[in-house]
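Enquirer: Using only what follows, build the 3D model:
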Amino acid sequence: MKNVYEMVTDRIINMLEEGIIPWEKPWTGTKSGSFNRITKKPYSLLNQMMLKHEGEYATFKQWTDLGGKIRKGEKSEIIVFWKIQHIIEKNEDGEEETKHIPILRYYNVFHITQVDGVKPLPEEEIESDLEPIEEIEKILMDYIKREGIKLINEKSNDAYYSPSRDLIHLPLMEQFKNIEEYYSTFTHESVHSTMAESRCNRKAENKNAAFGSTDYSKEELVAELGAASILNMLGIETKSSFRNSAAYIQSWIKVLKNDVKFIVSASSKSEKAVKYILNIKDEEQNVGED
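Expert: Numbers count the residues shown, from 1 in each chain. As a prediction, the model looks like this:
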């Protein structure tokens, strides 16, 4: 029987093999994302990637409690969540200590299109006083200023984040084919900058990460996920041809097959980075049967 990590990884690999890059889907924070019908909260980054549809999901019990009936033959999807298990152990001095161990769990959920007897919730428009480009500029510059990160824009072929100098380096905006690609790159490097100890603290694990290594790949996926998430929240679309190439997709399939915990770890770190950039405090997500 497969464990939860294997189930998650298989789902992501299947999507990649179908030519779908799951981290380019719209997700958390958008009206087009997937959310729980009861809590009305969007699912986590990882769950947004795994779910097939946008809109309302709920467990069998949740739909039943609403008076709905799952149609015969409909197949469920899974969402995952962390459950803290409390274990009491004795230390070296013979004193009892409680250890808090996070364990990955899952629920089976159904989309509203699989349910009879329940009407969709009224659609609520997400309004903004700013245009998407103005908004992403404000978000990133607020983050840069808040954190005291040095930003250099100059004519160059290099875009990177330097941990030692806490510096984001970008080519000039006019060097990009369009303004969306500039902000995609800016956001990607901003997510990298959250690795600092004073932010999301990924610096130590990336200190000696060689190109092509697992640690390097994980950090790149953290940045990919984070940038795509923020851009999708604002409705900014980018089309990078290399992201749809067979080589790009196959490289991620290989990485995921070698480490079943890879995608869970990367998406968790990415979500933390996104919330840090947006200055959003963590909230516990209720996806359960209660």
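Enquirer: What residues of the longest strand belonging to the chain count as buried?
Expert: Counting by DSSP state E, the longest strand found in the chain is strand 96-111. Using 16 or more other C-beta atoms under 10 Å as the test for burial, strand 96-111 gives 104, 106-107, 109-111. C-beta coordinates here come from the backbone N, C-alpha and C atoms, glycine included.
Enquirer: Can you add distance to A204 and give those back as a markdown table?
Expert: Shown next, in a markdown table, are those (distance: C-beta to C-beta, whole Å):
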| residue | distance to A204 |
| --- | --- |
| L104 | 23 |
| Y106 | 30 |
| Y107 | 33 |
| V109 | 36 |
| F110 | 41 |
| H111 | 40 |
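Enquirer: Tell me the one of those residues nearest E18?
Expert: Here the nearest of the buried residues of strand 96-111 to E18, counting by C-beta to C-beta, is H111; it sits at 18.5 Å.
Enquirer: Next, the spatially closest residue to the closest one that is not a sequence neighbour: secondary structure please.
Expert: Nearest residue to H111 in three dimensions, chain neighbours excluded: H53, at 4.7 Å (C-beta to C-beta, 6 or more residues apart in numbering). With DSSP: H, G, I helix; E, B strand; the rest coil as the basis, H53 sits in coil.
Enquirer: just checking, H53 touches T113?
Expert: Yes: counting by C-beta atoms under 8 Å, H53 touches T113, with 7.0 Å between them.
Enquirer: which residues does the residue nearest to H111 contact?
Expert: Shown in contact with H53 (C-beta atoms under 8 Å, 6 or more residues apart in numbering): 34, 111, 113.
Enquirer: Dump those to TSV, plus distance to R165.
Expert: Output for those, formatted as TSV (distance: C-beta to C-beta, whole Å):
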residue	distance to R165
S34	39
H111	47
T113	51
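Enquirer: residues making contact with the longest strand of the chain?
Expert: So strand 96-111 is contacted by 4-5, 7, 51-53, 55-60, 63, 70, 74, 76-91, 264, 287-289 (C-beta under 8 Å, 6+ apart).
Enquirer: Go again with 7 Å.
Expert: 4-5, 7, 53, 55, 57-60, 63, 70, 74, 76-91, 264, 287-288 (C-beta atoms under 7 Å, 6 or more residues apart in numbering).
Enquirer: pretty sure L231 is touching H188, no?
Expert: No: the criterion here is C-beta atoms under 7 Å, and L231 misses it with H188 at 9.5 Å.
Enquirer: follow-up on the earlier one: can you name every helix or strand that the following helix or strand past the longest strand of the chain contacts?
Expert: Using DSSP states H and E, the helix or strand that follows strand 96-111 in sequence is strand 115-116. Using 3 or more C-beta pairs under 7 Å, 6 or more residues apart in numbering; DSSP states H and E as the contact criterion, the elements in contact with strand 115-116 are strand 69-70.
Enquirer: name the helices or strands packed onto the strand it packs on?
Expert: Secondary-structure packing of strand 69-70 (3+ C-beta pairs under 7 Å, 6+ apart): strand 115-116.
Enquirer: Would you list the strands that the strand it packs on pairs with, along with their directions?
Expert: Here strand 115-116 has these sheet partners by DSSP bridges: strand 69-70 (antiparallel).
Enquirer: mean confidence score for the strand it pairs with?
Expert: Strand 69-70 carries an average pLDDT of 96.
Enquirer: Each with direction, which strands does the first helix or strand past that strand going along the chain pair with?
Expert: On the C-terminal side of strand 69-70, the nearest following helix or strand under DSSP H and E is strand 77-90. Here strand 77-90 is paired, per DSSP bridges, with strand 96-111 (antiparallel).
Enquirer: Please state the offset of the host helix or strand of T64 from the chain centre?
Expert: In this assignment (DSSP H and E), T64 forms part of helix 60-65. A distance of 27 Å separates the centroid of the chain from that of helix 60-65, by C-alpha atoms, centre = their mean, to the nearest Å.
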